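Visitor: can't give you the sequence, but here's the structure:
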């Protein structure tokens, strides 16, 4: 009887296993990373080959990020996030235009193309490890593969104005663009700090509501065709976002 009583007391004292927890998050923020790439297009004019080189500078832009993370065993979990990045950029254009009268005597011009859009849509699958230093604060470390789609505006043609006889110079007067889209497999790693400071409230909705800061670094590359020549373009970078957290 005493043995049964001790066993019963041990069973009663054993804590219940921690239930599975799902954390949902919606974030808004900024990607400060800048990237550069360039390419050269060739064309025929005045029975000779002309060309223009475009240098693209991709600046920082706004980011939207949302996803779910589920703890399935102790501190380990899995999650899926979707992030969207967009920026509007420019490209510096340097052209060499053949002369209408003389062979091998090209004219040079410089110009700028504005309003070139870069968009990236990323789907991030990750494994996570969550720490809880105090009861209202969680720290999640995660990493895994990313599927990234990139859309990039590229300068496809340029326009120039002859400046008058004997046509020894030209002026850059315009350009046209085309949009290319490519998808690649990359990777991501992230740190998510979550604070549930209202969990002592009597309202169950407020107990589950929190705020968070997400630092995500994603990386990938795609090959874009500029005048049928492949050019490697780097994608991703550091993304700093913050927003709402909800666990259930």
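Guide: Yep, it's here. The structure displayed is predicted, hence computed values, not measured ones. Numbers count the residues shown, from 1 in each chain.

Visitor: Please make it C-alpha for all contacts and neighbour counts, starting now.
Guide: Noted.

Visitor: Report how many residues lie close to the closest residue to residue 159 other than its chain neighbours.
Guide: Once flanking residues are discounted, residue 159 sits nearest to residue 174: 4.8 Å by Cα to Cα, 6 or more residues apart in numbering. Here the count is done by other Cα atoms under 10 Å, and residue 174 has 13 residues near it.

Visitor: what mean pLDDT would you report for the helix or strand where residue 148 lies?
Guide: According to DSSP states H and E, residue 148 maps onto strand 137-162. What strand 137-162 shows for mean pLDDT is 95.

Visitor: Buried residues, stretch 201-220. List them.
Guide: Neighbour counts using 16 or more other Cα atoms under 10 Å place 207-220 of stretch 201-220 among the buried residues.

Visitor: typed the wrong thing, it's stretch 120-131
Guide: Neighbour-count burial for stretch 120-131, counted by 16+ other Cα under 10 Å, picks out 120-130.

Visitor: and if you look at stretch 135-145?
Guide: Buried residues in stretch 135-145 (16+ other Cα under 10 Å): 138-145.

Visitor: Over to stretch 172-185?
Guide: Residues 172, 175, 183 are the ones in stretch 172-185 that count as buried (16+ other Cα under 10 Å).

Visitor: ditto for stretch 41-53
Guide: 41-42, 50-53.

Visitor: Do you know the pLDDT at the residue nearest to residue 159?
Guide: For residue 174, the model assigns a pLDDT of 94.

Visitor: would it count as being in a strand?
Guide: Yes. Counting by DSSP: H, G, I helix; E, B strand; the rest coil, one finds residue 174 located in a strand.

Visitor: all strands of the chain, in order?
Guide: Assigned by DSSP state E, the strands in the chain fall at 21-31, 35-45, 48-58, 61-73, 76-97, 107-134, 137-162, 170-195, 209-226, 229-247.

Visitor: and the ones you listed as CSV, adding distance to residue 202?
Guide: What follows is those, written out as CSV (distance: least, Cα to Cα, whole Å):
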stretch, distance to residue 202
strand 21-31, 20
strand 35-45, 49
strand 48-58, 48
strand 61-73, 25
strand 76-97, 28
strand 107-134, 20
strand 137-162, 19
strand 170-195, 17
strand 209-226, 12
strand 229-247, 16
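
Visitor: wait, which of those is closest to residue 203?
Guide: Nearest to residue 203, of all the strands of the chain, is strand 209-226, at 10.2 Å by Cα to Cα.

Visitor: With that, I have no additional questions.
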